Every structure is written in C-alpha cells, then in structure tokens.
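Chemist: just coords:
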C-alpha cells in the first residue's frame, strides 16, 4: 500500500515528475512479482493442468519467461538458475523454490545446500521425488518463441538425471508460460494507464512546433528527438522509433516500405501527413503506439476534411476488430471475421495486431501479420483470454482524390480485454494532431 501511495504521489502533470526513481521502481516491481507468484500463478497452473513447472536458465542466456521473474535488483540470472513451482491444489498451496546458491530475491528462497548435496541436478531430482508431481512442465514450444526458453544443453542434462518414472510426466509448459506472460493483474493495469499516457505525451510533444520546424526538421530528427526524450526521462525504448510522411506528391508504397524501406531524412513540409511508430519500456511493461499529425499550411486552421474522414475510417476498422474480441475465440477467427466486417462496410483494411505486455511483441494470440492476412498457423490459433493487453495495430487504405493517390491510415493503440469486454488502456486517437497546434483566430 505504501508503494502504491508513493506511486500516486508521483503521478502529477509532467512526465519527469510522475516517473518513479529507481529505488521505488524496484519496490513496485517486487510487490507486483509477489502478487503474481502467490495469487496469479496458482490459477494459471490449475488452468494449464500443470502441477510442477521447472524453469532452467544460465547467466546471460536467460529463458524469456525467467527474465520476467527476476527480482528487481537482478539484471540477469546467476550461474545456472533453476526455479521449481509446485502447485498442491488440494491444500491450495504453492511451493516456490530456487535450486540455486542464492535466494531468488525475497519471493523465492534457495532450496539447495551445496554442502549437503554438491550436485545441483541431483538436488533438483530430490525436490521432484519429494513432491511426486503428475506433470512436469518445461518451456519448449514450436510456435511461441517466448515459451521456448530451455536450451538443448539444459534439457539434455535434466533428462539424463531425471528418473524414468518421471520422464513420461514431462510436457510442454507452453500454455502456462504464455498465460504467465500475457495475463495482467489489477495492479499492473493501474500502471499501464500511466505508461500509455507518458507515451502519448511524448508523441504529442514530438509532433508539435516545439520539435518540428516545417522546411527544416527531418523525419530522422524527430526519431532521434524521441529517443533522447525517453533517455532524459530515465526510460527505455524497446525499438527505435520511426517517423514517415505521406504527401500529395508521393507515390503510395507497399507494406514493406512502411516497415523497412522508408527514406531517411525526409524534410517535413506544410501539408504533410506525418506518422510515427513508438513505444517505451517502464516497470517491466511495454507500450506500442502509432499516431498521425498534419502540418498546417498557411491560412489553415485545421486538417483538410478528407484527411479527417480518412482517420475516421481507421477508427472504424479498429471498432470492427475490437467488437470481435470474445473469450475463447482464436486470433485467426477474430482476424478473418474483422476483415470481412470491414470489407463489407466498404473499407480496405489490413490487421496485424499482437499481444503486448511483458514484451513488446509478446506472447498470446496473434491477430494477423502485415504479410499474413489469411491467418497465422500456431500463434493465430491460440484463444483469447481475459485480463490481457494488445497492440491494436492495423491500417486502412483510403483514396484521396485531392492528392490523386491512396494513403494509408496506420494506427496502433494499447487495448485491454477484461471480464467486462474490451477497452482502450488510455484512449485512442480520433483527431489528427496539428503542427502548429490550433490557435484561436484573432479578431479584426
């Protein structure tokens, strides 16, 4: 409670004031981990029908799942770190054990005394024998990279020590690992709103006259300004920001242009439609946001009506997508139905929405890729669960007669799917940002 109050006290108007110093960030991270281990993990293990989860990692080659479990003061695993979670459903208890020389922070205590048992693997087998689990989950998966964290050396070593009576119990922990990565707690969602707000504020400042001087500033200048702004705030980006321009004299480009072939150092001019892709990392959560701005021409007080209508079409595609979010529905089913709904409304959509949270491109149901609009085998077959966050990422192609070309309205926004349905974590863009900001017209 004390930490939450501290967090709220820092939630003031300016980014620099509402971002916690490192010590208090660590307190928040460890408190969230404690809640997840003690309250969330038992539910997830029951749902996955795995009563023992064994996670094995070595320093600098960490399992992506273990990375999300590290105590706040640990930046990496130490030596070989082995975690064992045992769920006793009948007694409603969970054992959290570290087969390591050290306590794994305050949440998981060391269960290995090297003086009594010099061999780490043998101590692990003792713990397994004592509990005699029905299933032993290991992190390997064909389709979900984040759930495929055990390396060949550790797998082979483990299986060579594991008695035959237990070997048939070994199963993929993919469903459990994925649910651990994708599920958000109430406490985390309080923080997520702040993360998205900070992200929006940085974009709003980047897409303003404070940063952009038409005819001088380039798209690359804005990208590096965003990186510098994040660094000055004491935050991190999980990918390099991108900024691009669409204008009447451009030829429309394909999707690959948007992702990798954009020209650098384009000078931003009046009449440009500017787009950015930007995300931050804070308190072990990630954001991913795409927004649009318009550079006013002389004597303009707003963006042209045809661009405002184009943005509305992008919002319509968002609505068609999120209206199809239902518990148990696969990412592929959501994708195909949403594309069909949008096309029937006369739109030209492309949807490539992904889970968001502990990682930027996180684990959970993939809802399309820019180059896989017919569905994604494996990841797209995974069902939608509540208490999960997504980057609602998509675009729609719109014909602009005034520009004698098509443009793409590319949008991305963090959305939360909970017990009561879908909501945006902290709003979405429904109006173009203006450069410079719209000012009241002066009277005669």
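Modeler: Noted; the coordinates are in hand. Keep in mind that this is a model prediction, so the values were computed, not measured. Numbers count the residues shown, from 1 in each chain.

Chemist: show me where pLDDT drops low in this structure?
Modeler: Where the chain drops to pLDDT under 70, the residues are 1-17, 250-263, 438-444.

Chemist: care to break the chain down by domain?
Modeler: Recorded structural domains for the chain (assignment: automatic domain parsing) are 2-180, 185-435.

Chemist: Now do the end-to-end distance for the last one.
Modeler: If I follow you right, that is domain 185-435. 38 Å (CA to CA, to the nearest Å).

Chemist: May I see the domains of the chain organised as a markdown table, with mean neighbour count added?
Modeler: Where C-beta positions appear, they are placed from N, C-alpha and C, glycine not excepted. Shown next, in a markdown table, are the domains of the chain (neighbours: other CB atoms under 10 Å):
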| stretch | mean neighbour count |
| --- | --- |
| domain 2-180 | 17 |
| domain 185-435 | 18 |
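
Chemist: What segments of the stretch 251-400 of the chain are strands?
Modeler: For the stretch 251-400 of the chain, applying DSSP state E, counting those that start in this stretch gives strands covering 273-278, 281-282, 285-286, 289-295, 349-351, 354-355, 388-400.

Chemist: a markdown table please, covering these and showing distance to residue 406.
Modeler: Converted to a markdown table, those look like this (distance: least, CB to CB, whole Å):
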| stretch | distance to residue 406 |
| --- | --- |
| strand 273-278 | 12 |
| strand 281-282 | 34 |
| strand 285-286 | 31 |
| strand 289-295 | 15 |
| strand 349-351 | 12 |
| strand 354-355 | 25 |
| strand 388-400 | 5 |
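
Chemist: now residue 216, nearest residue through space, not along the chain?
Modeler: Spatial nearest neighbour of residue 216, chain neighbours left out: residue 267 (7.2 Å); criterion: CB to CB, 6 or more residues apart in numbering.

Chemist: check contacts around residue 122.
Modeler: Residues near residue 122 by CB atoms under 8 Å, 6 or more residues apart in numbering: residue 161.

Chemist: helix/strand/coil for it?
Modeler: Secondary structure assignment for residue 122 (DSSP: H, G, I helix; E, B strand; the rest coil): helix.

Chemist: Doesn't residue 53 lie inside a strand?
Modeler: Yes - applying three-state DSSP, one finds residue 53 inside a strand.

Chemist: out of the strands of the stretch 251-400 of the chain, nearest to residue 303?
Modeler: strand 289-295 (3.9 Å; CB to CB).

Chemist: So what touches that closest one?
Modeler: 196, 199-200, 203, 207, 212, 214, 268-279, 303-304, 307, 311, 393, 409-414, 429, 432-435.

Chemist: From the residues you listed, which land in helices?
Modeler: Mapping these onto helices (DSSP state H) picks out 196, 199, 200, 203, 307, 311.

Chemist: Now distance to residue 421 too, for these, in a markdown table please.
Modeler: As requested, these are exported to a markdown table (distance: CB to CB, whole Å):
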| residue | distance to residue 421 |
| --- | --- |
| 196 | 18 |
| 199 | 23 |
| 200 | 23 |
| 203 | 27 |
| 307 | 31 |
| 311 | 24 |
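
Chemist: Out of the residues you listed, flag the one nearest to residue 40.
Modeler: residue 196 (21.7 Å).

Chemist: Against residue 415, how distant is that closest one?
Modeler: Using CB to CB, to the nearest Å, residue 196 is found at 10 Å from residue 415.

Chemist: Repeat that for residue 86.
Modeler: On the measure of CB to CB, residue 86 and residue 415 end up 35 Å apart.

Chemist: Enumerate the beta-bridge partners assigned to the residue lying closest to residue 313 once chain neighbours are set aside.
Modeler: Ranked by CB to CB, 6+ apart and with sequence neighbours excluded, the top spatial neighbour of residue 313 is residue 396, at 5.2 Å. Beta-bridge partners recorded for residue 396 (DSSP bridges): residue 349, residue 409.

Chemist: All good on my end, thank you.
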